[in-house]
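Undergrad: Take this sequence and fold it.
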Amino acid sequence: MKDDIQELQASLQLDYKNSFLKNQLDMPQKQQYVNTKDQQIVNKKIRYVNGFGKIKKALNTALDLGCEKELINIITYFINQKVFIYEN
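TA: Below is the predicted model of the structure:
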């Protein structure tokens, strides 16, 4: 699974680089805004893949050690804290 995540990550980065270079050379200035949106989407996908890999590893470790409740509590606290900060 780790290899799959790394392969997807590399593929997304390569697609991003190729797309970025092609768009910079071929597109007029007006369409570069669209290219920026595409870059943001690709960057978000890369960050998601990285984060998902970390969370999956943490969950597998917690399950192996029998401390999944502790991990769930940590994640729940993090979510509640960020939602509270965002809403206030």
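
Undergrad: What residues of the helix or strand where Val49 lies count as buried?
TA: Assigned by DSSP states H and E, Val49 falls within helix 29-65. The neighbour-count criterion (16 or more other C-beta atoms under 10 Å) identifies Val42, Lys45, Ile46, Gly53, Ala62 as the buried residues of helix 29-65. (Glycine included, C-beta is placed from N, CA and C.)

Undergrad: What's the first helix or strand after it?
TA: Where DSSP H and E defines the elements, the next helix or strand beyond helix 29-65 is helix 68-87.

Undergrad: Now that following helix: buried residues?
TA: By 16+ other C-beta under 10 Å, the buried positions in helix 68-87 come out as Leu71.

Undergrad: orientation of the helix holding Val49 relative to helix 68-87 in degrees?
TA: 150 degrees (axes from the mean of the first three to the mean of the last three C-alpha atoms, to 10 degrees).
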